[in-house]
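[1] compute the structure for the input listed below.
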Amino acid sequence: MPGASPDIEVGSVVADHAWPAGSPDQDTATGSRLDRTIWGAAGVLRRHWVLALLIAAGLVLRVVSQLAYEPALLFFDSEKYLFGTGVGVAAWGSYDPIGYTLLMLKPVLMFGDLGLVALLQHVLGLGMAVALYAVMLRRGVARWLAALAVAPVLLDAYQLNAEQTIMPDVLFEALLVAGIVLLLWQPRPGLAFVILAGLAFGTSATVRQVGEALILPALIYVLAAARDWRTRLLQGAALTFCFALPVVGYMGYSKVILHYGFEMSNMGDAYLYGRAAHAADCATLKLPADERPLCPTPAQALKFGVDGLVNNPLAPRVEYDPVNVRLGVEEDTIPLQRAFGYAVIKQQPMRVAGDIARDSIKIFALTRNTVEGDTPIKRWQFQNTYPTYPPGITLRGSNSATNLFAAVGGGGPARVWRRAAIALRFYQLHGGYPPGPLFLLSLLAGIAGIFTFRRRDPGNLSLACLLVTGTAVAVLLGADLYEFSWRYQLLALVTLPVAGALGATAIARQVRNRRERTVSPAAPEPVAAESEPVV
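    Residues are numbered from 1 along each chain as shown. Modelled structure (predicted):
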């Protein structure tokens, strides 16, 4: 207006034209809290639209999975976790750690049924993707690349099956991801984060025993990321102590409450025997007479595989039933199986290493197939009808899924929405999983990222690659040591793509820094002023 000061004119124009009505930056007198919330949410979706689309797709798949098989899916090992704490009822709790029962099943079943357990596992699947995405953004990974790195855990059909099944795999994944996120949230983790990460990793070992391998990559990372030797000593000791705390606590629970002994599992010798027997060349192996019946023929080793040599009722380990002549009782063959396993490792170490190596590279196959001797992959595939696993899970009778649901808190009879089940199975069998070469590329990128280490790198991105890649190798190879199963390869979904994204970012950053140092001209040296002669 004429006569108005220039400051007032400029201020009026800015107030009238800078922000649209309802914008969160508008004065609170003219914009409601709801408007600001909507604008803020729209801004978040606009920046992270790739992740939003993937989460939407993952949410739809999980809703369909929840509705297709109600109240949840059961596997024949599910009984181990449903009834493993029943002291004096069965020896279920002695075969594997039952932290899943103590941490997930018992608390949830106090006020819900197994359908709620499956729902919470689906929520954990979505939560893992969001947590990994957030930590990758904090460490400098591009938004689109971080979103693609969490796409496998959001969209993999085998992951969906695991989340719908009453088994410990998803809880183990969540604890593993929690430990990784805590250690990577800052370039140099603080003591509180180290303590929480140690507890998460240690607790994971009570859910699946392979979690014991997580201490090695975590400890290496903590020691490498610390600034000085005092910090290394303090954080290394804290991580080790907090990792051991839940492990020792569970072993005490096993001895005092369950009366199974001060141990995580009593199946170690059996799995040692299975791997050694599968790899052994019995024709050249030197064994005592009482151990010789444990050695399978080549045809038996090929047919049964590692899992069958441990669990099949026709395997040599199970059929061998020697009698102690002096005492007139059946002899315990576990010491013989242990001695047999050590004899194979000592006399034929390269055969054992080669057998493990052949199993460890199966994850990189283009498609997910089962070769003779492997644990059947169909166990982890959606079926058009409710799956059964006789004699543990049957269609009818006392071991039917419906009776098991009733025994542990209801949820109604086992039921299937056939159309949804058919759609899920079709999706799973026709590309509903990341191909193996993607895992191989991610592993190579993660390893390459480790070698971008620079002492003065403030982001420590190479050490982040070391942690995630080392964690992936530890849990995947640790599982392959005793047997290959596509179920155990699910851990690759939450580790290898993340390692690949961090590695690609570290490599790109190093290449960019080298180019900048090459292109930028050297700064001219200052010319000293000539001093005037003193008169």
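
[2] what's residue 121 in contact with, if anything?
    By C-beta atoms under 8 Å, 6 or more residues apart in numbering, residue 121 lies in contact with 162-164, 170-171. C-beta coordinates here come from the backbone N, C-alpha and C atoms, glycine included.

[3] now the host helix or strand of residue 178: buried residues?
    Using DSSP states H and E, residue 178 sits within helix 169-184. The neighbour-count check on helix 169-184 (16 or more other C-beta atoms under 10 Å) flags 169-184 as buried.

[4] helices of the stretch 301-450 of the chain, start to end?
    Assigned by DSSP state H, counting those that start in this stretch, the stretch 301-450 of the chain shows helices spanning 316-319, 334-347, 349-360, 401-407, 418-429, 436-450.

[5] helices and strands around the first one, which ones?
    With contacts defined as 3 or more C-beta pairs under 8 Å, 6 or more residues apart in numbering; DSSP states H and E, the packing partners of helix 316-319 are helix 268-279, helix 298-311.

[6] kindly recompute the last result at 7 Å.
    helix 298-311 (3 or more C-beta pairs under 7 Å, 6 or more residues apart in numbering; DSSP states H and E).

[7] and the angle for the helix it packs on with helix 268-279?
    Helix 298-311 runs at 170 degrees relative to helix 268-279, counting by axes from the mean of the first three to the mean of the last three C-alpha atoms, to 10 degrees.

[8] next SSE after the strand or helix carrying residue 37?
    Element membership of residue 37, judged by DSSP H and E, is helix 33-47. Per DSSP H and E, the first helix or strand lying C-terminal to helix 33-47 is helix 49-68.

[9] what does that next one rub up against?
    The contact list for helix 49-68 (C-beta atoms under 7 Å, 6 or more residues apart in numbering) reads 45, 118-119, 122, 125-126, 129, 133, 143-144, 147, 151, 154-155, 160, 163-164, 416-417, 420-421, 423-424.

[10] name the nearest of the buried residues of helix 169-184 relative to residue 307.
    residue 169 (16.3 Å; C-beta to C-beta).

[11] so who does the residue lying closest to the closest one once chain neighbours are set aside touch?
    Leaving aside its sequence neighbours, residue 169 sits nearest to residue 162 (C-beta to C-beta, 6 or more residues apart in numbering; 4.7 Å). Contacts for residue 162 (C-beta under 7 Å, 6+ apart) come out as 169-170, 490.

[12] tell me the one of these nearest residue 313?
    When the contacts of residue 162 are compared against residue 313 (criterion: C-beta to C-beta), the nearest one is residue 169, at 25.9 Å.

[13] roughly how far does the closest one sit from residue 485?
    Counting by C-beta to C-beta, to the nearest Å, the gap from residue 169 to residue 485 is 11 Å.

[14] now do residue 444
    Using C-beta to C-beta, we find residue 444 at a distance of 24 Å from residue 485.

[15] likewise residue 222?
    Residue 222 is 31 Å from residue 485, by C-beta to C-beta.

[16] so between those two, which is more surrounded?
    residue 222 (26 against 22; other C-beta atoms under 10 Å).

[17] quick check, pLDDT for the more buried one.
    The per-residue pLDDT reported for residue 222 equals 96.

[18] remind me, longest helix of the protein?
    helix 229-256 (DSSP state H).

[19] show me what that helix is packed against.
    helix 191-207, helix 215-225.

[20] mind listing what's buried in it?
    In helix 229-256, counting by 16+ other C-beta under 10 Å, buried: 231, 235-236, 238-240, 242-243, 246-247, 250-251, 253-254.

[21] so what's residue 389 up against?
    Neighbouring residues of residue 389 by C-beta under 7 Å, 6+ apart: 75-76.

[22] what pairs with it across the strands?
    Counting by DSSP bridges, residue 389 is bridged to residue 393.

[23] I'd like the distance between it and residue 402.
    15 Å.

[24] equivalent analysis for residue 515, please.
    For residue 515, the distance to residue 402 - C-beta to C-beta - is 65 Å.

[25] so which of those two has more stuff around it?
    residue 402 (16 against 10).

[26] buried subset of the contacts of helix 49-68?
    For the contacts of helix 49-68, buried by 16+ other C-beta under 10 Å: 118-119, 122, 125-126, 129, 133, 147, 151, 154-155, 160, 163-164, 416, 420-421, 424.

[27] now, which of the residues you listed lie within strands?
    residue 416 (DSSP state E).

[28] among the buried ones among the contacts of helix 49-68, which lie within helices?
    Per DSSP H, the subset of these in helices is 118-119, 122, 125-126, 129, 133, 147, 151, 154-155, 160, 163-164, 420-421, 424.

[29] residue 100 contacts residue 170, correct?
    No - assessed by C-beta atoms under 7 Å, residue 100 is found out of contact with residue 170, at 9.3 Å.

[30] follow-up on the earlier one: single out the most deeply packed of the helices of the stretch 301-450 of the chain.
    helix 436-450 (a mean of 20; mean count of other C-beta atoms under 10 Å).

[31] after it, next one along is what?
    helix 461-480.

[32] what's the angle between that next one and helix 436-450?
    Going by the same axes, to 10 degrees, helix 461-480 makes 140 degrees with helix 436-450.

[33] could you dump helix 461-480 to CSV, C-alpha only?
    Output of helix 461-480 as CSV, limited to C-alpha atoms (Å, rounded to 0.1, in the frame of the first residue of the first chain):
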residue,chain,number,x,y,z
LEU,A,461,31.1,-47.7,6.9
SER,A,462,33.6,-50.4,6.2
LEU,A,463,33.3,-51.6,9.7
ALA,A,464,29.5,-51.7,9.3
CYS,A,465,30.1,-54.0,6.3
LEU,A,466,32.3,-56.1,8.5
LEU,A,467,29.6,-56.5,11.1
VAL,A,468,26.7,-57.3,8.8
THR,A,469,28.7,-59.5,6.4
GLY,A,470,30.4,-61.3,9.3
THR,A,471,27.0,-61.9,10.9
ALA,A,472,25.6,-63.4,7.7
VAL,A,473,28.5,-65.7,7.3
ALA,A,474,28.4,-66.8,11.0
VAL,A,475,24.7,-67.7,11.1
LEU,A,476,24.5,-69.2,7.6
LEU,A,477,27.7,-71.2,7.7
GLY,A,478,27.0,-72.1,11.4
ALA,A,479,23.7,-73.7,10.3
ASP,A,480,25.3,-75.4,7.3
